[in-house]
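coords below, sequence missing:
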């Protein structure tokens, strides 16, 4: 029996899925709210007899391995390991490990050992004195494998005489002419682990008294190390993040270590970069509750703004900000506060949406209203920040002049124009208008204010649509989607029969998706339309002309379908759309199989079979519907 079959036999799918979804028994199956898309009525079903799950809303489905891959955002081999650990079954991936990757990992492991040994040696005493002087305990040094690098130019490279190529590839060495030199010299060393606990890189902090233009440096990008998709401390914090249901994000290595020492072990930090989408996607695997703790100075607030904007692109994430006094970073706070006070500080959360809105409208205003700059300690400061941004004392903080309101209004318009999601735009428009004491309906986002926004739907939209069409490479789907939208324009009532299917449709044409969202909003609010609605709307001319041309052709041909005919045509459109996407997926899988390793191939062959089965079922459904009504 293969490892895959052993694991499937050992773990009932309803037991594993039930850890993440509240399942309700319905005969021989279970149902619940889908974990992969937002819904109110359960459309997610688990079938213990077959070992499969399926969501009839977003169409995701598969076996227990597919569930883990979708939820954890990992490839099949990692899903195999995750489930193997859960089942207590040891998986063997040695036969498919990449020898080159393993060689690089071995060099990193050996380098970490040398760095940690150097810290404890007589030559490493300056580094040891520094880290001990910062009140970092021996337990934390061991937990995070903190080490040190010699000031000598070839201390490390001399110990890897036969690994010059690997040292250069990993960024542990630099080359000038034909000579190699250590990259990390005279620095405290922080090994960086991936989520599997492998050493993928290093960070280095210059020691006091050593002249260097860069206080912190990291390993260079390599086959192992990608700054924008890894987080410092996640390997050590993963278990506590999951058990606490929350992750605290800070900015530096010592911040992570200090908070961990103070009893908060659910802390991570980016690797010398701002947080990225990949970072948040990674954290989504562990929790949906994120708190960004940082210095409340100008740079800190700017970082909090970036975090808040980024978090806004992830509707499932509940993000918050906690501010510390200027000049105090989380490491400092961990040293001066008791564990109880630190926990209290972390409870002074400001919703990231609220922080983004208030700081955008009134940048820096919080600092103007502090009783005495930096007079309060971190606990009082964080409470004042929460009070200010939450507007708990609007009478105290928000007595603003007409000039300030006008400037804030301009910034509000710019903020709304830069938001990616229409729902967020509507919410910020309503809340911002309330703060400024004006009617939300009087706000109008103008093209000039959104021209630099990547999300502005009415700016350069033909170019955006063309890019999306080129990326999909499928004009058939673009035309199909536009014809379907045409049916909705002509027969609004049809929308009610297919609303759920459309909410999870993967649109390939930007124009069609924008019109669909426009019509969906009107339909859900009871505002039915006539075919001329697009010409009367604020949608851009490039978009409306694409559909008005199709309407004119239909009218000139004196062709009209009744409700039943239109309903059947739309159902046929949806089947053809799904079929085409399945065909595209099957083409992609063929290429993946060609380059996959043996374990990955086993999964891909199964996925290919599932896709072929789904395609056959759709084809049968289409044939059963009889002749096409489309022209």
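Cool, the structure landed. Computed from a prediction, not measured in an experiment: that's the story for all the values here.

ok, and residue 205, which helix or strand is that part of?
strand 199-206 (DSSP states H and E).

okay, buried residues for that strand please.
Across strand 199-206, burial judged by 16 or more other C-beta atoms under 10 Å covers 199, 200, 201, 202, 203, 204, 205, 206. In this view, the C-beta of every residue, glycine as well, is placed from N, C-alpha and C.

could you do stretch 234-250 as well?
Using 16+ other C-beta under 10 Å as the test for burial, stretch 234-250 gives 234, 235, 236, 237, 238, 240, 241, 246, 247, 248, 249, 250.

please list all residues in contact with the second one.
With contacts defined as C-beta atoms under 8 Å, 6 or more residues apart in numbering, residue 235 is in contact with 193, 194, 195, 196, 197.

give me the distance between it and residue 612.
Distance, residue 235 to residue 612, by C-beta to C-beta, to the nearest Å: 39 Å.

before we move on, what about the first one?
Using C-beta to C-beta, one obtains 38 Å as the distance from residue 234 to residue 612.

any idea how far stretch 210-230 is from the middle of the chain?
Counting by C-alpha atoms, centre = their mean, to the nearest Å, stretch 210-230 is centred 22 Å from the centre of its parent chain.

list the buried residues in that stretch.
216, 217, 218, 219, 222, 224, 225, 227, 230.

in CSV: those residues, plus secondary structure and pLDDT.
Shown next, in CSV, are the buried residues of stretch 210-230 (DSSP: H, G, I helix; E, B strand; the rest coil; pLDDT from 0 to 100):
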residue, secondary structure, pLDDT
216, strand, 91
217, strand, 92
218, strand, 92
219, coil, 93
222, coil, 90
224, coil, 91
225, coil, 92
227, helix, 88
230, coil, 92
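
for those, which one is nearest residue 273?
residue 227 (5.1 Å; C-beta to C-beta).

what's near enough to touch that closest one?
218, 221, 270, 271, 272, 273.

follow-up on the earlier one: TSV for the contacts of residue 235, including distance to residue 332, neighbour count and pLDDT?
Shown next, in TSV, are the contacts of residue 235 (distance: C-beta to C-beta, whole Å; neighbours: other C-beta atoms under 10 Å; pLDDT from 0 to 100):
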residue	distance to residue 332	neighbour count	pLDDT
193	25	21	94
194	29	18	89
195	28	16	81
196	32	9	77
197	29	10	85
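
take those and write them to JSON lines, including secondary structure and distance to residue 177.
Shown next, in JSON lines, are the contacts of residue 235 (DSSP: H, G, I helix; E, B strand; the rest coil; distance: C-beta to C-beta, whole Å):
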{"residue": "193", "secondary structure": "strand", "distance to residue 177": "34"}
{"residue": "194", "secondary structure": "coil", "distance to residue 177": "34"}
{"residue": "195", "secondary structure": "coil", "distance to residue 177": "39"}
{"residue": "196", "secondary structure": "coil", "distance to residue 177": "38"}
{"residue": "197", "secondary structure": "coil", "distance to residue 177": "38"}
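
quick check, nearest of those to residue 387?
With C-beta to C-beta as the yardstick, the closest approach to residue 387 among the contacts of residue 235 comes from residue 195, at 37.3 Å.

from residue 210, how far off is that closest one?
33 Å.

next one: residue 322
Per C-beta to C-beta, residue 322 is found 33 Å from residue 210.

same check, this time on residue 335
Counting by C-beta to C-beta, the gap between residue 335 and residue 210 amounts to 23 Å.

circling back to that earlier point, determine which two of the buried residues of stretch 210-230 are furthest apart.
Every pair of the buried residues of stretch 210-230 checked by C-beta to C-beta; the farthest is 216 and 224, at 19.3 Å.

ok, the strand holding residue 205: who's next to it in the sheet?
Its sheet considered, strand 199-206 pairs with strand 187-193 (antiparallel), strand 216-218 (antiparallel) by DSSP bridges.

wait, which of these is closest to residue 498?
strand 187-193 (47.6 Å).

in the closest one, what counts as buried?
187, 188, 189, 190, 191, 192, 193.

what's the answer for stretch 556-575, then?
561, 566, 567, 568, 569, 570, 571, 572, 573, 574.

just the mean pLDDT for it, thanks.
Averaging pLDDT along stretch 556-575 yields 80.

elements contacting the helix ranked longest in the chain?
As assigned by DSSP state H, the longest helix anywhere in the chain is helix 563-595. Identification of packing neighbours for helix 563-595 by 3 or more C-beta pairs under 8 Å, 6 or more residues apart in numbering; DSSP states H and E yields helix 475-490, helix 495-503, helix 598-624.
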